[in-house]
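In: Sequence first, predicted coordinates after that:
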Amino acid sequence: MIEPVWRITWFTIACAAGATLLILPPGVVLAWLLARRKFPGRGLVETFVSLPLVMPPVATGLILLMLLSRRGRVGALLERLGIEVVFTWKAVVLAMAIMGLPLLVRTARAGFEQVNVRYERVAATLGAPPARIFLTISLPLAWPSVLAGAVLAFARALGEFGATIIVAGNIPGATRTLAVAIYGYAETGQDSQAFALLLVSVSIAFVALWTANRLVERSTA
Amino acid sequence: MIDLDIDITQGAFQLSAKVRIEARAAALFGPSGAGKTTILDAIAGLRTPRRGSIAVNGRVLYSSDAGINVPTHQRHVGYVPQDVALFPHMLVRGNLLYGRHPGVSPDLDRVVRMLEIDGLLDRRVTDLSGGERQRVALGRALMSGPSLLLLDEPLAAVDVPLRRRILPYLQRVRDELTVPIVYVSHDREEVDLLADVVVMLEAGRIVSVERLARVELHGPTG
Amino acid sequence: MLHRWLALCVAVLLPAAQGVPLVKPITVSAAVSLTDALTAVAEAYAKTGGTVRFNFAASNVLARQIVSGAPADVFISADEAQMDVVAAAGLVQDGSRVALLRNQLAVAVPNDRPRTFHSIREIAEPAFKRIAIGDPAAVPAGVYAKQYLEKEGLWTAVEPRIVPTGSVRAALAAVESGAADAAIVYRTDVRVALKATVAWIVPADRGPRIVYPAAIVKTTASASEANRFVNFLRSGEAARIFQRFGFATAF
């Protein structure tokens, strides 16, 4: 079964967008907490969130596989609930989410740190509890960085390969993303097809990054 | 009425202040670095002392012995920082209404008229003059219905002719609303015009507490 | 607000979830080099009423997945070593392991400097300054290449000129780009190469025994279907398809 390019592209974009949306709420909240609050275990949280950024993606994929497959702790539980993750699109989204999260958190955190803390303090004196300060002061003032972080996470998700192929496999019609398809074509000597998909991949990432930069520029104009 | 008994350490700086303030307007006066803003921050809950207690109108906001430390957003203090810090992503109206609590807050019209900022409600914060920003910040603090107003050098960033124009607003706030004011200043003239009580600070210590003779108004005006 | 967010996520992910068929096909983890051949075989198999879905990757990745409990029903490996890994983990269905395909090594050279060897000794000529092979420490094709050269007594002479690559395709790419003067790859690889030609095909009796084994994974939930597919792989019809793609059969 030969998959048309548009189907692979559509699948990849859907997974990457879904993964980015999923990590946005927890990622942004986490970024704010790391920027503004001291809490026990903060250093550990910081380190864990950054790990996927520096580990070889294959290693991340192997860890996910060990946890989620039938023999893994989480996987055994999922099996009893009848939920399959390994070798399905869910694993693709999960791998993309994990690889994108550190980029989102680091970029958003820098944005929050640039918001003058005086605004947040004044808001507190005006009676706003931390959640309200986050939603009405910190987030609106840092949104360009949050957006930039989301776009980076999306672009990273589009290009994700190492972890995805391990935990989601290369299953044409079910888990084959652009990156994985490129690998497949390259490994079977079909360089022109590989190149065509590569162009599609780069174009999408280019448009996403370019759009985000324009938006950020406009907001700070 | 404020009951203060606190020790604060920040790096090499040590502050030790014990005082009871009973006044409509009290000034914390002294050279820069004396610790005036530090005390303001402590009352607002933006800084936690090493030990001690803070009580406003009989309500304990902080007590190291009793393990009480009321979070800032529950202290009902209005705070106008030295750099004013109006929210740049909101219009003047949004800033004024940010801290509004129905039932507790004064009427917006009354505050706006008293501070003469009625024409500014739909303006952007960046379009305001220095004096207008001060008044809006004051209005924002008042609109949260505080039981205490804290002003950090309210006239420092303002040039002399403007000062003369803003001072009456502060006097109005002092006289027409029943909210006590604590403000930081290093300008003696301003202190004399506004304060009932002057707390002199130097190098982290209270040097003197002075009650100024004042002509009392007979009943509220306006 | 949270409800709307979740609804948005579901809406975005809907296209992703559409690749889920109603009748569950068996999952066949197969070496990526077999992609085109197996896809064609699957089309023929579909006419008999069976459906499979493939998971194509490097054999060591596939073995790792199976050992970790990933839900594959059949495993087709590019070398015996990776099948041994799965067997050692007790995951090969008893008696199901069969030799499926054979391949041969070949020497590839850039097509703007074509050569035809009369003997493999010609590879030791000084003209071949860089010889690319898959890394003999990790890549099956590289292991085979080294075995062959050692057997022919050429390894010590050529070793300083060997360039190990991360995969056998990378070795071929090196020759196609001119970065290497020759490469030892699979015969099936050179077949599809645009800028490389065959200088030498290693004879079956001199070269290493390259076998692609197939086996049913013990933990399969579709044993009978898996069996049916493996049997089809060893049918005359499948053999003809494999040969079309340059693979010799081992049955």
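Out: Looks like it arrived, so ask away.
In: so which strand or helix has residue A:47?
Out: helix A:42-54 (DSSP states H and E).
In: And that helix, what does it pack against?
Out: Packed against helix A:42-54, as judged by 3 or more Cβ pairs under 8 Å, 6 or more residues apart in numbering or on different chains; DSSP states H and E, are the following elements: helix A:5-36, helix A:89-114. To be clear about C-beta, it is placed using only N, CA and C from the backbone, and glycine gets the same treatment.
In: export those helices to TSV and tack on mean neighbour count, distance to chain C and mean pLDDT?
Out: As requested, the helices and strands packed on helix A:42-54 are arranged in TSV below (neighbours: other Cβ atoms under 10 Å in any protein chain shown; distance: least, Cβ to the nearest Cβ, whole Å; pLDDT from 0 to 100):
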stretch	mean neighbour count	distance to chain C	mean pLDDT
helix A:5-36	21	4	94
helix A:89-114	24	4	94
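In: out of these, nearest to residue B:51?
Out: Within the helices and strands packed on helix A:42-54, the stretch nearest residue B:51 is helix A:5-36; the backing value is 25.5 Å (Cβ to Cβ).
In: what's the angle between the closest one and helix A:89-114?
Out: For the pair helix A:5-36 and helix A:89-114, the angle between their directions (axes from the mean of the first three to the mean of the last three Cα atoms, to 10 degrees) equals 40 degrees.
In: so what secondary structure elements neighbour helix A:5-36?
Out: If you count contacts as 3+ Cβ pairs under 8 Å, 6+ apart, helix A:5-36 packs onto helix A:42-54, helix A:89-114, helix A:139-159, helix A:178-187, helix A:191-219, helix C:2-13.
In: switch the cut-off to 6 Å
Out: Under the contact criterion of 3 or more Cβ pairs under 6 Å, 6 or more residues apart in numbering or on different chains; DSSP states H and E, the helices and strands touching helix A:5-36 comprise helix A:89-114, helix A:139-159, helix A:178-187, helix C:2-13.
In: Include distance to residue C:156 when you put the helices and strands packed on helix A:42-54 into TSV, please.
Out: Formatted as TSV, the entries for the helices and strands packed on helix A:42-54 read as follows, by distance: least, Cβ to Cβ, whole Å:
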stretch	distance to residue C:156
helix A:5-36	47
helix A:89-114	44
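In: Looking at these, which is nearest to residue C:75?
Out: Evaluated over the helices and strands packed on helix A:42-54, closeness to residue C:75 peaks at helix A:89-114, with 18.9 Å, by Cβ to Cβ.
In: of all of the stretch 151-251 of chain C, which residue lies closest to chain A?
Out: Proximity to chain A, evaluated over the stretch 151-251 of chain C using Cβ to the nearest Cβ, is greatest for residue C:192 at 3.9 Å.
In: Quick one, grab the pLDDT at that residue.
Out: Reading off the confidence values, residue C:192 has pLDDT 79.
In: Need the three-state assignment for the closest residue to it other than its chain neighbours.
Out: The spatially closest residue to residue C:192, leaving aside those adjacent along the chain, is residue A:189, at 3.9 Å (Cβ to Cβ, 6 or more residues apart in numbering or on different chains). In three-state terms, and counting by DSSP: H, G, I helix; E, B strand; the rest coil, residue A:189 is coil.
In: Starting from residue A:83, give me the distance back to the residue in chain C that chain B sits nearest to.
Out: Residue of chain C nearest chain B, by Cβ to the nearest Cβ: residue C:1 (19.2 Å). Counting by Cβ to Cβ, to the nearest Å, the gap from residue C:1 to residue A:83 is 26 Å.
In: Looking at these two, which is more packed in?
Out: Neighbour totals were compared for residue C:1 and residue A:83, and residue A:83 leads with 12 against 7 (other Cβ atoms under 10 Å in any protein chain shown).
In: a strand runs through that one, doesn't it?
Out: No - assignment of residue A:83 by three-state DSSP gives coil, placing it outside any strand.
In: What segments of chain B are strands?
Out: Using DSSP state E, the strands found in chain B span residues B:2-10, B:13-21, B:25-29, B:51-56, B:59-63, B:68-69, B:77-80, B:148-152, B:181-185, B:197-202, B:205-211.
In: and the fifth one, which strands flank it?
Out: Here strand B:59-63 is paired, per DSSP bridges, with strand B:51-56 (antiparallel), strand B:68-69 (antiparallel).
In: follow-up on the earlier one: mean neighbour count added to the strands of chain B, as a markdown table?
Out: Compiled in a markdown table, the strands of chain B are given as follows (neighbours: other Cβ atoms under 10 Å in any protein chain shown):
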| stretch | mean neighbour count |
| --- | --- |
| strand B:2-10 | 18 |
| strand B:13-21 | 16 |
| strand B:25-29 | 27 |
| strand B:51-56 | 19 |
| strand B:59-63 | 18 |
| strand B:68-69 | 14 |
| strand B:77-80 | 27 |
| strand B:148-152 | 24 |
| strand B:181-185 | 24 |
| strand B:197-202 | 20 |
| strand B:205-211 | 13 |
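In: could those strands be laid out in JSON lines, adding distance to residue A:168 and mean pLDDT?
Out: Shown next, in JSON lines, are the strands of chain B (distance: least, Cβ to Cβ, whole Å; pLDDT from 0 to 100):
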{"stretch": "strand B:2-10", "distance to residue A:168": "53", "mean pLDDT": "90"}
{"stretch": "strand B:13-21", "distance to residue A:168": "57", "mean pLDDT": "90"}
{"stretch": "strand B:25-29", "distance to residue A:168": "64", "mean pLDDT": "91"}
{"stretch": "strand B:51-56", "distance to residue A:168": "57", "mean pLDDT": "93"}
{"stretch": "strand B:59-63", "distance to residue A:168": "54", "mean pLDDT": "94"}
{"stretch": "strand B:68-69", "distance to residue A:168": "49", "mean pLDDT": "94"}
{"stretch": "strand B:77-80", "distance to residue A:168": "53", "mean pLDDT": "92"}
{"stretch": "strand B:148-152", "distance to residue A:168": "57", "mean pLDDT": "92"}
{"stretch": "strand B:181-185", "distance to residue A:168": "61", "mean pLDDT": "90"}
{"stretch": "strand B:197-202", "distance to residue A:168": "66", "mean pLDDT": "91"}
{"stretch": "strand B:205-211", "distance to residue A:168": "67", "mean pLDDT": "89"}
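In: what's the closest of these to residue C:208?
Out: Distances from residue C:208 to each of the strands of chain B were compared by Cβ to Cβ, and the smallest falls on strand B:2-10, at 74.9 Å.
In: Relative to residue A:87, how far out is the residue nearest the centre of chain A?
Out: Nearest to the mean C-alpha position of chain A, counting by Cα atoms, centre = their mean, stands residue A:100 at 2.6 Å. In this structure, residue A:100 lies at 21 Å from residue A:87, with Cβ to Cβ as the measure.
In: Any stretches of the chain with poor pLDDT?
Out: Looking at chain A here, since you left the chain open. Low-confidence segments of chain A, defined by pLDDT under 70: A:1-3, A:218-221.
In: meant chain C actually
Out: The model of chain C has pLDDT under 70 over residues C:18-23.
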